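Asks: Sequence first, then the predicted structure:
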Amino acid sequence: MGGLPAGKVEPTEHDYPEWERRVDAMVQLLRGGGRITVDELRKNIESLPREAYDQLSYYEKWISSLTQTLIQRGVITSAELGRKMEEVDKRKR
Amino acid sequence: MSPQFVTDYPALAPLFRPGQKVKVRAGAPLGHIRTPFYIRGHVGEIERLCGAFPNPEELAQMRDGLPAQPLYRVRFKQKEVWPDYRGPDNDVVEIEIFQHWLEKA
């Protein structure tokens, strides 16, 4: 992959869980509305630490990158995101 | 020479024509770059002019990427890219590359 040895590729189909569909929808809407470009999303995926890049799934990479892009664009702040994450965490308990 | 796609961005003039040999720049600057590492420094042949599109290196940094850069499809022999390639000699790999990554070979 990317010109590097990758071993055998086994193509498989899988169902997309709801959160993956939502990530896809957010990316489409934000790109369509001209708020972000695919190039920023790609840049932020490439900027993931190597370990994260290797371990995260396809949509986990997209949501990390989308979040970073929205912070860079000023659509959300890190503080808002942090508060929301704490709120969601409390719901689980 | 008409491009595959006509766009209306203010654009730089195309410098290369189909059939011309080009060399991909070999640099590795920082930033978001669409030219794959494995093809940098290799010589290929212009297959077509795709059109002119905003520079993704600039779009990635939240700028407008204008003037638009001509984008070409460039054809490389797989044997030249990967010396241990075992397939037929005439197998090619085609990559779309922006003009500022290409020079006359």
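Replies: Received the coordinates, thanks. Numbering: from 1, shown residues only, chains lettered A, B, ... in the order given.
Asks: Determine the longest strand present in chain B.
Replies: Counting by DSSP state E, the longest strand found in chain B is strand B:43-53.
Asks: Please enumerate residues in contact with that one?
Replies: The contact list for strand B:43-53 (CB atoms under 8 Å, 6 or more residues apart in numbering or on different chains) reads B:1-7, B:9, B:11-12, B:14, B:16-24, B:65, B:67-76, B:80, B:94-96, B:98, B:105. C-beta here means a position set from N, CA and C on the backbone, and glycine is covered the same way.
Asks: Buried ones among the residues you listed?
Replies: Buried by 16 or more other CB atoms under 10 Å in any protein chain shown: B:3, B:11-12, B:14, B:16, B:22, B:24, B:65, B:68-74, B:76, B:95, B:98, out of the contacts of strand B:43-53.
Asks: Give me the subset of those residues that also touch chain A.
Replies: Near chain A, judged by CB under 8 Å from any CB of the partner chain, there are no entries from the buried ones among the contacts of strand B:43-53.
Asks: Now for A:Trp62, which secondary structure element holds it?
Replies: helix A:58-73 (DSSP states H and E).
Asks: and that helix, what does it pack onto?
Replies: Packing partners of helix A:58-73 (3 or more CB pairs under 8 Å, 6 or more residues apart in numbering or on different chains; DSSP states H and E): helix A:18-32, helix A:38-46, helix A:78-92.
Asks: do you know how far whichever residue of chain B sits closest to chain A is from B:Val6?
Replies: Using CB to the nearest CB, the single residue of chain B nearest to chain A is B:Tyr38, 2.8 Å away. In this structure, B:Tyr38 and B:Val6 are 31 Å apart, going by CB to CB, to the nearest Å.
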